[in-house]
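In: Predicted model and sequence follow; I will ask about them next.
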Amino acid sequence: MTADLVYLVAGGSLLLAVLLPALLKRWAVSAPMVLVAVGMVIGITPLPDGMPLDPQHNRAVIEHATELTVIVALMGVGLALDRPLLLRRRDHWRAWRATWLLLVVGMPLTIGAVALLGWWAGLAPAAAILLGAALSPTDPVLASDVQVAGPQTGDHEVDERDELRFTLTSEAGLNDGLAFPFVYLAILTATASTSGWGWLAEWAAFHLVGKVVIGIVAGIVVGRVLAAVAFRARSPSLRVAERGEALLALAALVTAYGVAEVAQGYGFLAVFACGMTFRQAERSHDYHAAMHEVTERLERLLTMGVLLFLGIALTRGMLEALDWRGVAIGLALLLVIRPLSGVAALASLTHRTPDAARDGDPGTLAVGQLWATAFFGVRGVGSIYYLAYASGKAPVLASDWLWSTVTFTVVASVLLHGVLATPVMHRIDPDRAQETGGRGQDGGVSAIEDVRRWHAAGGHWQVVHATDDAVVVSLCTCDGGEEMGRVTLSPAELAQLEEPPG
């Protein structure tokens with residue numbers, strides 16, 4: 001591919017990245033699906049001739065490209081979550097209990113089940129463990145259709161009202177880093193000598209516990225330092241939040257990742273912890289939304305490149321080593337293992353109605369929400385990264401069959417979850433269903449009339465989140481202190497509300 005054609009393809013792809021989210025909003029088609037398809041179309045033309053597509057020979061490029069994509073996504077996830085998590089607050093830990101159960105129960109079950117299938121398929125123990133570890137994390141990059149939209153800001157205390165999306169988002173933010181100990185288990189299994197099992201104790205102490213703690217502590221420290229500078233520095237020139245310099249988000253994610261890696265911790269956990277810690281400082285400040293927007297745009301750009309490359313590789317031999325065993329393992333993970341492990345983890349948190357979180361019991365899920373949470377374990381860029389990373393540390397794990405199986409599973413997840421995300425989330429998610437179709441809180445009065453009646457009765461309203469095609473409005477009590485509900489308006493309807501009475 002010549003340099004001129006690279007510019008042409010890149011320009012067209014950027015246009016797709018800009019236009020697709022709005023164009024596909026009402027259809028059961030996701031932007032990742034279209035980008036992979038575009039890559040496949042490019043792949044069957046002569047355009048990619050000469051491109052470095054073989055994962056065995058271009059492992060380092062794949063590793064670092066996917067690594068950057070994941071850490072940008074993790075910072076965005078950390079900044080997007082409104083629910084606080086202070087270490088000394090038991091109620092905060094309780095509100096996150098669905099996330100903890102998915103990580104402590106669901107994730108090990110998934111790793112073990114996939115590893116057993118890999119061993120049954122004839123893999124060596126190390127390769128089987130790597131397959132389970134690489135395919136265990138849900139993806140913060142490709143799961144935007146089932147995640148929270150972004151940080152809410154305003155003069156009132158904010159929290160997550162959507163338990164389904166919060167659980168999926170927080171799980172994706174944490175399990176990308178928590179898969180690393182099991183990737184290292186595979187590496188150590190492949191490279192350890194046969195003289196003893198002393199390395200297993202080292203793995204448990206350092207890779208399973210020590211590196212996790214170091215990564216989280218590094219992220220918290222970097223997040224607190226940067227938040228103190230951005231919001232409360234004595235020098236006005238250092239208070240970047242006041243002038244809205246949102247590029248601090250990029251500085252934060254690179255710094256947190258670098259500090260953790262130098263300290264021998266897990267950088268993925270550090271980036272997420274940094275974003276979460278920064279988000280908890282001055283929680284109502286609009287600067288959080290600005291930082292999240294920067295990371296979201298960069299994530300979209302990086303994801304576009306990875307998905308196009310993946311689509312091209314699909315038609316250029318990436319699946320040549322795939323056989324029925326790889327197909328069976330990939331489909332079993334998506335259709336059986338993840339759903340059942342998710343249900344097993346969350347079964348104790350179910351309730352009959354979807355309003356328990358808003359009634360003072362956050363962290364619980366209605367039955368429909370539980371099944372949706374268990375099902376939407378999107379696999380993606382993180383799985384490719386872990387396979388590339390492990391292949392570099394232990395060349396014996398650089399198997400064409402593993403690459404084909406992981407790639408097939410990622411693409412199958414993009415298709416399956418991309419098609420089902422919109423209809424299932426609209427049916428299962430009561431909050432989002434309530435906010436669609438221009439209806440107000442009672443399901444019949446239009447949203448704009450709902451806001452007008454609320455205001456006429458003495459209540460207050462304020463914008464808590466806005467995109468190019470939708471504006472979420474919070475309805476508050478007369479003193480502005482308590483949120484009583486939300487509706488979604490179009491930008492044109494918001495403009496009507498803001499017009500002075502004629």
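Out: Nice, thanks for sending it over.

In: quick one: contacts for Gly78?
Out: Gly173, Val271, Phe272, Ala273, Cys274, Gly275, Met276, Thr277, Phe278, Arg279 (C-beta atoms under 8 Å, 6 or more residues apart in numbering). Where you see a C-beta, it was placed from the backbone N, CA and C, and this is true even at glycine.

In: can we see that at 6 Å?
Out: Phe272, Gly275, Met276 (C-beta atoms under 6 Å, 6 or more residues apart in numbering).

In: now swap in Asp176 and tell me
Out: By C-beta under 6 Å, 6+ apart, the residues touching Asp176 are Pro137, Phe268, Gly382.

In: secondary structure class for Ser474?
Out: Taking DSSP: H, G, I helix; E, B strand; the rest coil as the rule, one finds Ser474 in the strand state.

In: thought it was touching Val463?
Out: No. With contact defined as C-beta atoms under 6 Å, Ser474 does not reach Val463; the gap is 7.7 Å.

In: who has more neighbours, those two?
Out: Comparing Ser474 with Val463 by other C-beta atoms under 10 Å, the one with more neighbours is Ser474, at 21 against 16.

In: domain parsing for this structure?
Out: Using automatic domain parsing, the domain parsing of the chain gives 51-301+316-433, 438-498.

In: out of those domains, which comes closest to Val34?
Out: Across the domains of the chain, Val34 has its closest neighbour in domain 51-301+316-433 (9.0 Å, C-beta to C-beta).

In: pLDDT averaged over that closest one - what is it?
Out: For domain 51-301+316-433, the mean pLDDT works out to 87.

In: the strands in the stretch 151-300 of the chain, which residues?
Out: Per DSSP state E, counting those that start in this stretch, the stretch 151-300 of the chain carries no strands over any range.

In: re earlier: ok, which of the domains of the chain comes nearest Leu15?
Out: domain 51-301+316-433 (12.1 Å).

In: Can you report how many residues neighbour Gln496?
Out: Neighbours of Gln496 using other C-beta under 10 Å come to 13.

In: Check this structure and tell me which residue is nearest its centre.
Out: Residue closest to the mean C-alpha point of the chain, counted by C-alpha atoms, centre = their mean, is Pro140 at 1.8 Å.

In: Confirm that Thr405 sits in a helix.
Out: Yes. The assignment for Thr405 by three-state DSSP puts it in a helix.

In: Spatially nearest residue to it (excluding sequence neighbours)?
Out: Gly326 (3.5 Å; C-beta to C-beta, 6 or more residues apart in numbering).

In: shouldn't the one you found be in contact with Val406?
Out: No. Between Gly326 and Val406 there is no contact under C-beta under 6 Å: 8.7 Å.

In: Count the residues that sit near Phe408.
Out: By other C-beta under 10 Å, the residues close to Phe408 number 19.

In: which residues does it contact?
Out: Neighbouring residues of Phe408 by C-beta under 6 Å, 6+ apart: Leu322, Gly326, Gly330.

In: wait, is it part of a strand?
Out: No. Under the criterion used here (three-state DSSP), Phe408 is helix, not part of a strand.

In: can I assume the residue nearest to the centre of the chain is in contact with Ile71?
Out: No. Pro140 is not in contact with Ile71 according to C-beta under 6 Å; the separation is 9.8 Å.

In: Relative to Ala256, how far out is the residue nearest to the centre of the chain?
Out: 15 Å (C-beta to C-beta, to the nearest Å).

In: any idea which of the contacts of Phe408 has the most stuff around it?
Out: Gly330 (25 neighbours).

In: Which helix or strand contains that one?
Out: If you go by DSSP states H and E, Gly330 is part of helix 324-332.
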